[in-house]
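Participant: can't give you the sequence, but here's the structure:
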């Protein structure tokens, strides 16, 4: 049996072009490399699973590449690229600040900074979850971060920029990563499904993308879960069953009962939701989002804000006509 590799690792970006949902940011990094305008320290900020560490690794590999391609990517053929791809490059050092957050850990890093690269132009130090450093460790890092040797570049990554002290922020070029849009996640999951020889319904991918909450890594992990449970046939029903989510059809049945002013049907539906194990707070929040989506669907100009498939968008548009604006405002207030 072949060794199985989870999709989050197998399809981790290896080039700037393969980074999903960060086109403006990757274009800026490529331009900086092309023009030689490299800062000595960078801070990559953003929520989990949006590509911060992946971009740091791609950037580190590219600036040491001996034959950068015309489109600004690493060649993957020179000795520097090969050693990076094989995981034995001495020019790229990663530190997890979540588990190495003391003064002694930073002092060891500072000692490594003094060693010039044996091959290539730069030694790149990637410090992940940098907000976890202690106050003393931050202070021990300041001087080196401000005036490192010419061959050293620091790339700090964090999910919580507000926890970084101002003296660190002022010494870095700051890049804010976007949450990945539902459309981009769906497109990438469709590509993964095709590459793996799987069938995947667009509605199922939409459910997975929404569950991932803007994180591509989470989306790939959820995709693997659903694919494993459904033997590679990623259907809408398989997705909602395995992820234990309330599908929009349930909420449409509620709003249909509201439109008919049928309290009995609404109560019976709510009983079914409770019997299925869903928390009331989770249900009410989902219902509020559904009402908001119906309000958005009232105008063609705002319809793209839904971020759903064509079939679901049509359903929202048709149902939105059942209520007047005042009903929506009162419902959202409740």
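Facilitator: Cool, the structure landed. Every value quoted in this text rests on a predicted model; they were computed, and no experiment measured them.

Participant: in stretch 316-326, what counts as buried?
Facilitator: Neighbour-count burial for stretch 316-326 flags 316-317, 319-320, 323 (criterion: 16 or more other CB atoms under 10 Å). The C-beta positions use only the backbone N, C-alpha and C, and glycine is treated the same way.

Participant: okay, now residue 71: neighbour count?
Facilitator: For residue 71, the neighbour count with other CB atoms under 10 Å is 10.

Participant: so what's it up against?
Facilitator: residue 17 (CB atoms under 8 Å, 6 or more residues apart in numbering).

Participant: picking up where we left off before, restricted to strands, list the buried residues of stretch 316-326.
Facilitator: In strands, judged by DSSP state E, none of these are found.

Participant: could you tell me whether residue 314 really is in a helix?
Facilitator: Yes - according to DSSP: H, G, I helix; E, B strand; the rest coil, residue 314 belongs to a helix.

Participant: now it: how far from residue 93?
Facilitator: 53 Å (CB to CB, to the nearest Å).

Participant: just residue 43 next, same as before
Facilitator: Residue 43 is 17 Å from residue 93, by CB to CB.

Participant: over to residue 238?
Facilitator: 43 Å.

Participant: with neighbour numbers in mind, choose between these two.
Facilitator: Neighbours around residue 238 and residue 93, counted as other CB under 10 Å, are more numerous at residue 238. The numbers are 19 against 16.

Participant: give me the distance between stretch 214-230 and the centre of its chain.
Facilitator: Centroid separation between stretch 214-230 and its chain, computed with CA atoms, centre = their mean, to the nearest Å, is 13 Å.

Participant: and it, what's buried?
Facilitator: Quick answer for stretch 214-230 (16+ other CB under 10 Å): 214-224, 226-227, 230.

Participant: least confident of these?
Facilitator: The lowest pLDDT within those belongs to residue 230, which sits at 79.

Participant: show me where pLDDT drops low in the chain?
Facilitator: By pLDDT under 70, the low-scoring segments of the chain are 1-3, 309.

Participant: select the longest helix from it.
Facilitator: helix 280-296 (DSSP state H).

Participant: which one is residue 11 nearest to, not counting chain neighbours?
Facilitator: residue 192 (5.6 Å; CB to CB, 6 or more residues apart in numbering).
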